[in-house]
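Asker: Predicted structure and sequence below. I'll ask about it afterward.
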Amino acid sequence: MTRILVIEAEDRARHALRTILEGAGYDVECVADRSTAGQSHAAHSADLVVTGDMDGMMRVDFPGARVLAVPGGLAGREMDVADRVRALGAAHVLPKPFRRDDLLAAVQATLTMDRHPF
């Protein structure tokens with residue numbers, strides 16, 4: 001089963017992401033911060049990391065995993081932010097807010113991309 005690690009500080013958003021992703025058949029772990037996520041990934045590697053936390057080098061922090069960046073507050077800056085997070089290691093970018101179907105399509109698209117060789 002595909003394992004997805006979700007990093008989301010907001011409780012309601014974490015719950016919504018878990019509900020959507022588990023409903024689609026994924027094994028999901030949700031954490032509130034990057035530090036906990038790093039420990040979780042080190043103990044049990046995720047296939048995909050979904051995160052709005054754009055700090056750090058995603059390829060280094062989550063080796064072997066694909067990263068779907070879900071940044072918020074982009075109004076008018078979508079392309080600039082998308083380029084920046086891709087440079088940090090995100091395979092795909094889905095700006096907030098998004099709909100359930102858009103999330104699931106982005107997850108599927110990201111999972112089919114090649115993994116970084118890091």
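Answerer: It's in.

Asker: And the strands in this protein, which stretches?
Answerer: Secondary structure of the chain (DSSP state E): strands at 3-7, 27-31, 48-51, 66-69, 92-93.

Asker: tell me, what residue is most central in the protein?
Answerer: Centroid check for the chain by C-alpha atoms, centre = their mean gives V50 as the closest residue, at 1.3 Å.

Asker: Quick one: residues contacting it.
Answerer: Residues near V50 by C-beta atoms under 8 Å, 6 or more residues apart in numbering: 4-8, 17, 21, 67-68, 70, 107. For every residue, glycine as well, the C-beta is placed using N, CA and C.

Asker: swap the cut-off to 6 Å and go again
Answerer: 6, 68 (C-beta atoms under 6 Å, 6 or more residues apart in numbering).

Asker: follow-up on the earlier one: compare the strands of the chain and give me the one nearest D83.
Answerer: strand 92-93 (9.0 Å; C-beta to C-beta).

Asker: so what strands line up beside that closest one?
Answerer: If you go by DSSP bridges, strand 92-93 pairs up with strand 66-69 (parallel).

Asker: Show me how far the partner strand is from its chain's centre.
Answerer: Computed by C-alpha atoms, centre = their mean, to the nearest Å, the chain-centroid distance of strand 66-69 equals 4 Å.

Asker: Pull out the buried positions in that strand.
Answerer: For strand 66-69, a neighbour-count test (16 or more other C-beta atoms under 10 Å) marks 66-69 as buried.

Asker: Likewise for stretch 96-114?
Answerer: Under 16+ other C-beta under 10 Å, the buried positions of stretch 96-114 are 103-104, 106-107, 110-111.

Asker: Repeat that for stretch 12-31.
Answerer: Quick answer for stretch 12-31 (16+ other C-beta under 10 Å): 13-14, 17-18, 20-21, 26, 28-31.
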